[in-house]
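In: Generate a structure from the sequence data that follows.
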Amino acid sequence: MNLPNKLTVFRIVLIPLFAIILMVPINLWGGSDMLPTTHLIAALIFIAASLTDTLDGQIARRQHLVTNFGKFADPLADKLLVMTALIYFVQFGWVPAWMVAVIVIRELAVTGLRTLIVENNGQVMAAAMPGKIKTTTQMLAITFFLLHNFGFATIGIPFAQIMLWIAVFFTVYSGIEYFWKARFVFADGLK
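Out: The predicted model follows:
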């Protein structure tokens with residue numbers, strides 16, 4: 001197994017650890033208004049996982065180590081990580097369920113579409129800029145929700161919430177764009 005694939009597997013292993021940490025209330029510093037230790041640890045795990053996503057893709061492209069496993073597992077790991085965080089955030093009352101539903105439905109629909117494209121022509125459509133913006137804003141939103149808008153809360157800016165709204169917009173936009181570019185997959189069914 002090459003290094004990018006090992007990083008992807010490491011990210012997948014971090015997902016249950018991330019979920020377990022979010023289930024266990026820990027606050028080493030005390031005080032109800034402070035950032036709970038649980039959320040800080042979860043944020044560090046999430047940041048580490050997010051960085052491995054960036055790193056594995058760069059290494060795979062630079063060293064020509066792109067594999068079918070990587071093409072499948074890398075985006076799947078991203079989706080599982082983001083969905084796990086957002087589902088917890090609904091439970092915590094931080095995020096409305098409809099936003100998470102929009103993101104989850106888009107991710108599942110695009111994953112299904114990617115599978116159809118691979119089956120029809122053996123190629124994977126590369127992520128376009130709106131999809132990259134979606135991913136970046138999702139990662140920023142989740143990180144700052146976990147950090148309770150650290151740095152922004154003191155000046156009254158709900159940074160995590162703003163990033164989530166931008167993420168939802170680009171989730172919808174990039175999903176529509178992806179389906180539009182892949183409409184050839186449905187051409188046979190429409191005849």
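In: Stretch 146-165: end-to-end distance?
Out: Its start and end residues considered, stretch 146-165 measures 16 Å (Cα to Cα, to the nearest Å).
In: Any buried residues in that stretch, and which?
Out: For stretch 146-165, the neighbour count (16 or more other Cβ atoms under 10 Å) marks 146, 147, 148, 149, 150, 152, 159, 160, 161, 162, 163, 164 as buried. Glycine gets a C-beta too; all of them are placed from N, C-alpha and C.
In: Report how many residues lie close to residue 136.
Out: 16 (other Cβ atoms under 10 Å).
In: could you measure it against residue 117, distance?
Out: Between residue 136 and residue 117 the distance is 23 Å, computed by Cβ to Cβ, to the nearest Å.
In: Make a markdown table out of the buried residues of stretch 146-165 and add distance to residue 74 and pLDDT.
Out: Formatted as a markdown table, these follow (distance: Cβ to Cβ, whole Å; pLDDT from 0 to 100):
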| residue | distance to residue 74 | pLDDT |
| --- | --- | --- |
| 146 | 22 | 95 |
| 147 | 25 | 94 |
| 148 | 30 | 92 |
| 149 | 29 | 92 |
| 150 | 28 | 90 |
| 152 | 30 | 93 |
| 159 | 27 | 97 |
| 160 | 25 | 97 |
| 161 | 28 | 97 |
| 162 | 27 | 97 |
| 163 | 22 | 97 |
| 164 | 23 | 98 |
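In: Export those as a markdown table, with columns for secondary structure and distance to residue 50.
Out: Below are the buried residues of stretch 146-165 laid out as a markdown table (DSSP: H, G, I helix; E, B strand; the rest coil; distance: Cβ to Cβ, whole Å):
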| residue | secondary structure | distance to residue 50 |
| --- | --- | --- |
| 146 | helix | 11 |
| 147 | coil | 13 |
| 148 | coil | 18 |
| 149 | coil | 18 |
| 150 | coil | 16 |
| 152 | coil | 19 |
| 159 | helix | 16 |
| 160 | helix | 15 |
| 161 | helix | 19 |
| 162 | helix | 18 |
| 163 | helix | 13 |
| 164 | helix | 15 |
